[in-house]
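Engineer: sequence and predicted structure, then a few things I'm wondering about:
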Amino acid sequence: MNAVSPPTTTVEVWADIVCSWCYVGKRHLERALSALPDAERVDLRWRSFELDPTIAPDAGSADEELARRRGLTLAEARTMHEETERMGAEIGIRFDFARARRGNTFNAHRVLHMAQAEGRQIGMMGRLLAAYFSEGEPIGDPAALARVAGGAGLDPAAVEAMLESDAYAADVRGDEREAAALGISAVPFFVIDRRLGLAGAHPAETLRDAIEQARGA
């Protein structure tokens, strides 16, 4: 008689590519999964959430965008971002907000859905976050997205063609409607097996315990 395989645990994370706390939450989740003896049983899925759906494709540097949004001077915005940069360095994330090019992330989320269809979503999320926060890639520029996607194993020409169509737009909007239905108003937001939800970039130990709790529910 064949042994019955244990069930898979589904971890869904609503996040945005320009959300620094989402990057931190991703790093904590990676550490939580590495602490599980059966991490291969976890099905991780990144879900779409736009912090600002109305922002222009190119909104300047992250420092400039924060200054405009909060009514700060550029120096004040730089000081706030320097604190986040220090915090990121402590957990191995290189934030460079002076270099980061803020912009609309709708197309980036479409690329994430394309990557999911090709079994490359987890690597793609990592590339998009690093490209935006560390490498100065303009997140709202289709050519930049195609270039970044090529680094995660997708065909850049296919990505460019996809972005010229409306492919995966419905998938992004579907994720956003589902977030609203679940009462998600801020990210990152972790949903485990649709049994347990956690808002915020929790430490790895908290995320690991939540996964184990959901499994035993």
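Structural biologist: Everything's here; your move. Model, not experiment: these values are computed from the prediction.
Engineer: G92 - how many residues pack around it?
Structural biologist: 9 (other CB atoms under 10 Å). (Each C-beta comes from the backbone N, C-alpha and C, glycine too.)
Engineer: ramachandran coordinates for it?
Structural biologist: G92 adopts backbone torsions of phi 90, psi 20, taken as degrees, to the nearest 10.
Engineer: would you confirm that A67 belongs to a helix?
Structural biologist: Yes. Remark: A67 belongs to a helix, assigned using DSSP: H, G, I helix; E, B strand; the rest coil.
Engineer: pLDDT score for the nearest residue to it once chain neighbours are set aside?
Structural biologist: Using CB to CB, 6 or more residues apart in numbering and skipping the chain neighbours, the partner closest in space to A67 is A77 (4.0 Å). pLDDT for A77: 98.
Engineer: helix or strand for A77, which one?
Structural biologist: With elements taken from DSSP states H and E, the one containing A77 is helix 74-90.
Engineer: please name every helix or strand in contact with the following helix or strand past that helix.
Structural biologist: As assigned by DSSP H and E, the chain's next helix or strand after helix 74-90 is helix 106-117. Applying 3 or more CB pairs under 8 Å, 6 or more residues apart in numbering; DSSP states H and E, we find helix 106-117 packed against strand 42-48, helix 121-133, helix 142-150, helix 156-163, helix 169-181.
Engineer: repeat that with 6 Å
Structural biologist: Other helices and strands packing on helix 106-117, by 3 or more CB pairs under 6 Å, 6 or more residues apart in numbering; DSSP states H and E, are helix 121-133, helix 142-150, helix 169-181.
Engineer: show residues contacting that helix.
Structural biologist: 17, 46, 48, 121, 124, 128, 139, 145, 149, 162-163, 168, 171-172 (CB atoms under 6 Å, 6 or more residues apart in numbering).
Engineer: take those and write them to a markdown table, including pLDDT.
Structural biologist: Putting the contacts of helix 106-117 into a markdown table (pLDDT from 0 to 100) gives the following:
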| residue | pLDDT |
| --- | --- |
| I17 | 98 |
| W46 | 98 |
| S48 | 98 |
| Q121 | 98 |
| M124 | 98 |
| L128 | 98 |
| I139 | 97 |
| L145 | 98 |
| A149 | 98 |
| M162 | 98 |
| L163 | 98 |
| Y168 | 98 |
| D171 | 98 |
| V172 | 98 |
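Engineer: just the buried residues of these.
Structural biologist: Buried residues within the contacts of helix 106-117, counting neighbours by 16 or more other CB atoms under 10 Å: 17, 46, 48, 121, 124, 128, 139, 145, 149, 162-163, 168, 171-172.
Engineer: between strand 42-48 and the one helix or strand in the chain whose mean pLDDT sits lowest, find me the angle.
Structural biologist: The weakest-scoring helix or strand in the chain, judged by mean pLDDT, DSSP states H and E, is helix 204-216 (a mean of 94). Going by axes from the mean of the first three to the mean of the last three CA atoms, to 10 degrees, helix 204-216 is angled at 110 degrees with respect to strand 42-48.
Engineer: how far does helix 204-216 sit from its chain's centre?
Structural biologist: 20 Å (CA atoms, centre = their mean, to the nearest Å).
Engineer: in that helix, what's buried?
Structural biologist: For helix 204-216, by 16+ other CB under 10 Å, it's 204, 207-208, 210-211, 214-215.
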